[in-house]
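**Student:** After the sequence you'll find the predicted model.
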Amino acid sequence: MPTRPSYRLVLAKAPKALRVPPRAKRRVARATPVKPTIAPQPVIRALKATAGAKELIKEIPSLAKYQLWMPIATFSVCLKTGTATYLDIWDADHFDNFTDMQRCVADCRAWFSADGYGYWDSPQTKTGRINCYFRAPSAGNYVCNVQLQSHGGAAQVECLIDSFSYGPLPFNGSINQPHPAALGAGYHSFRIRQMSGSFFFYSLTVWKV
């Protein structure tokens, strides 16, 4: 017979009731949701504004021609399209009346906290992770655009495609950041790792270029 865990019932004693914090103390500055970016034109503008774009466009002219971009997959908290297969979200945060789960789904975003909220027993970790698994229908060049929004100041994440790291990505406010990649046919994982600051994840869109 399996042994039972060594857990023993005890009577907890808490004769003094807690005072519920007033809503004013829990109030957090509102973060207005942004619209998910699913059109290639603003992504191309963001790509051209990123260091190294000129050299890449010379090598891959289709990066600057939105008419040639073919949508492959879209990920967000509330939907997946195309070849989007799995969206894994680790260590997202829930603060009632600000980013509780119902609001996050309604606003189509997930929040990752960092510093602060220690009074309410927040561990103040930077362990948020997002994995977006999608299928590349054929070998070729792709653009993976991540849409994020920092909250309460600057934030920084690390983005990866499979095991290749693009390095630290700092941002303050809303950002569309395209990540070009040469992919083989089959499944790939675009990953986002929290490094510092609080932020919202909105979407990842993938195009074949």
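**Tutor:** All right, it came through fine.
**Student:** Spell out which residues sit in contact with I72, please.
**Tutor:** When the contact criterion is C-beta atoms under 8 Å, 6 or more residues apart in numbering, the partners of I72 are G82, T83, F134, A136, P137, Y142, V206, W207, K208. In short, each C-beta sits where N, CA and C put it, glycine included.
**Student:** The same query, at a cut-off of 7 Å, please.
**Tutor:** Taking C-beta atoms under 7 Å, 6 or more residues apart in numbering as the definition of contact, the neighbours of I72 are G82, T83, F134, P137, Y142, V206, W207, K208.
**Student:** and which of those is nearest to F171?
**Tutor:** V206 (19.8 Å; C-beta to C-beta).
**Student:** Which positions in the helix or strand containing the closest one come out as buried?
**Tutor:** With elements taken from DSSP states H and E, the one containing V206 is strand 186-208. Going by neighbour count (16 or more other C-beta atoms under 10 Å), the buried part of strand 186-208 is 188, 190-194, 196-208.
**Student:** I'd like the contacts of I72 as a markdown table, with distance to P22 and pLDDT appended.
**Tutor:** A markdown table is the format used below for these (distance: C-beta to C-beta, whole Å; pLDDT from 0 to 100):
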| residue | distance to P22 | pLDDT |
| --- | --- | --- |
| G82 | 46 | 97 |
| T83 | 48 | 97 |
| F134 | 45 | 96 |
| P137 | 54 | 97 |
| Y142 | 50 | 97 |
| V206 | 45 | 97 |
| W207 | 48 | 97 |
| K208 | 53 | 97 |
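**Student:** closest to A39 among the residues you listed?
**Tutor:** Compare each of these with A39 using C-beta to C-beta and the shortest gap goes to W207, at 10.4 Å.
**Student:** pretty sure that closest one contacts G140?
**Tutor:** No: with contact defined as C-beta atoms under 7 Å, W207 and G140 do not form a contacting pair (10.7 Å).
**Student:** List the neighbouring strands of the strand holding V206 plus their orientation.
**Tutor:** Strand 186-208 has the following sheet partners, assigned by DSSP bridges: strand 70-75 (antiparallel), strand 110-112 (antiparallel), strand 129-136 (antiparallel), strand 140-161 (antiparallel).
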